[in-house]
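Undergrad: the amino acid sequence is not available; the structure is as follows:
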């Protein structure tokens, strides 16, 4: 069983977040796909994610999580202190998502857009769905 993270391939912050996750996921639990990719679009359709949902998505155990829930469930599988992020699920979802949406809404303004993709090493490349 693996988790699949769908991210905004145009977003610099999202791409850096993927790199951050890869470094803290030595067991390779997560696979990745850009939401703009064909597989990303297929997964969004399969899990009935509306076009207006602008969020990092986590597909795990045949369920799709979004916004702060996705981020905190990802933390559960990371190494180090980041694993403790999972504990923040006790905070009410509306409050967590309020702060998530502030970052999501401003991510291009604050972090910019990607004009090129990262070139992962061969062992990391296998974790990207195509």
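TA: Here it is on my side, so go on. Quick caveat, the model's predicted, so the values are computed rather than measured.
Undergrad: all contacts plus neighbour counts: C-alpha atoms, from now on.
TA: Will do.
Undergrad: beyond the longest helix anywhere in the chain, next helix or strand please.
TA: Secondary structure of the chain per DSSP state H: the longest helix is helix 93-111. Where DSSP states H and E defines the elements, the next helix or strand beyond helix 93-111 is helix 122-125.
Undergrad: got the buried residues for that next one?
TA: By neighbour count on 16 or more other CA atoms under 10 Å, the buried set for helix 122-125 is empty.
Undergrad: ok, residues contacting it?
TA: Helix 122-125 has contacts (CA atoms under 8 Å, 6 or more residues apart in numbering) with residue 22.
Undergrad: mind redoing it with 10 Å?
TA: 19, 22, 28, 31-32, 119 (CA atoms under 10 Å, 6 or more residues apart in numbering).
Undergrad: and if you look at stretch 75-95?
TA: 3, 20-30, 67-74, 96-97, 100.
Undergrad: ok, of the residues you listed, which come out buried?
TA: Buried among these by 16+ other CA under 10 Å: 3, 21-22, 24-25, 28, 30, 67-74, 96-97, 100.
Undergrad: in the longest helix of the chain, what's buried?
TA: Those would be 96-97, 100, 104, 107-108, for helix 93-111 by 16+ other CA under 10 Å.
Undergrad: what stretches of this structure score poorly on pLDDT?
TA: For the chain, residues meeting the criterion pLDDT under 70 lie at 1, 11, 108, 111-122, 130.
Undergrad: where does residue 33 fall, phi/psi-wise?
TA: Residue 33 has phi and psi values of phi -150, psi 140 when expressed as degrees, to the nearest 10.
Undergrad: my read is that it contacts residue 127, right?
TA: Yes. Using CA atoms under 10 Å, residue 33 is in contact with residue 127, at 8.8 Å.
Undergrad: now for these two: what residues contact both?
TA: Common neighbours of residue 33 and residue 127 (criterion: CA under 10 Å, 6+ apart): residue 4.
Undergrad: go through the buried ones among the contacts of stretch 75-95 and flag which are in strands.
TA: When DSSP state E is applied, the buried ones among the contacts of stretch 75-95 are split such that 3, 30 fall in strands.
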